[in-house]
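# predicted model and sequence below, questions to follow.
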Amino acid sequence: MKDLNELMQAILDMDAAQRKAADEAQAERTARLAGLDEQRRKIAAQAAADSKARAEAAAKQASEANTAALEELAKNRAAAEQALEQRAEACIDQWVDELCRRALAGTGAGGEA
């Protein structure tokens, strides 16, 4: 009976040692998973910061390009307005000349000469 008790005790001791080893392995896995999760969070935060920085740089560059394009458009508009004003002045002179010619000729522009 003593041998049976010793055998049972040995089995219980082995079972306890196996549980302890399994618990230690589980604790180690849990700690490693926590470390990996922390690394994942750091990587995600860095990626988000990099993405935000790239987006801000692209937005700034686009804004600067838009500003330059708007300035160019304003210059072109001013030049076009000036050309239209010069053309209108030239046309006014032509119209006045035509009206005077018609008036002197006694025809045209809505009345007698």
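Yep, it's here. Numbers count the residues shown, from 1 in each chain.

# model confidence for Leu7, exactly?
On pLDDT, Leu7 comes in at 87.

# before we move on, what about Cys91?
87.

# so it is in which element?
helix 2-105 (DSSP states H and E).

# chain center to that helix: distance?
Computed by CA atoms, centre = their mean, to the nearest Å, the chain-centroid distance of helix 2-105 equals 4 Å.

# center of the protein - which residue?
Ala55 (4.2 Å; CA atoms, centre = their mean).

# quick one: it from Ala47, how far?
Applying CB to CB, to the nearest Å, the value for Ala55 to Ala47 is 12 Å. (Glycine included, C-beta is placed from N, CA and C.)

# same question for Asp3.
Distance from Asp3 to Ala47, by CB to CB: 64 Å.

# looking at those two, which is more packed in?
Neighbour count, other CB atoms under 10 Å: between Asp3 and Ala47, Ala47 has more, with 10 against 7.

# look up the pLDDT of the more buried one for me, please.
96.

# roughly how far apart are it and Arg41?
In terms of CB to CB, Ala47 sits 11 Å off from Arg41.

# with Ala48 instead?
From Ala48 to Arg41 the distance is 10 Å (CB to CB).
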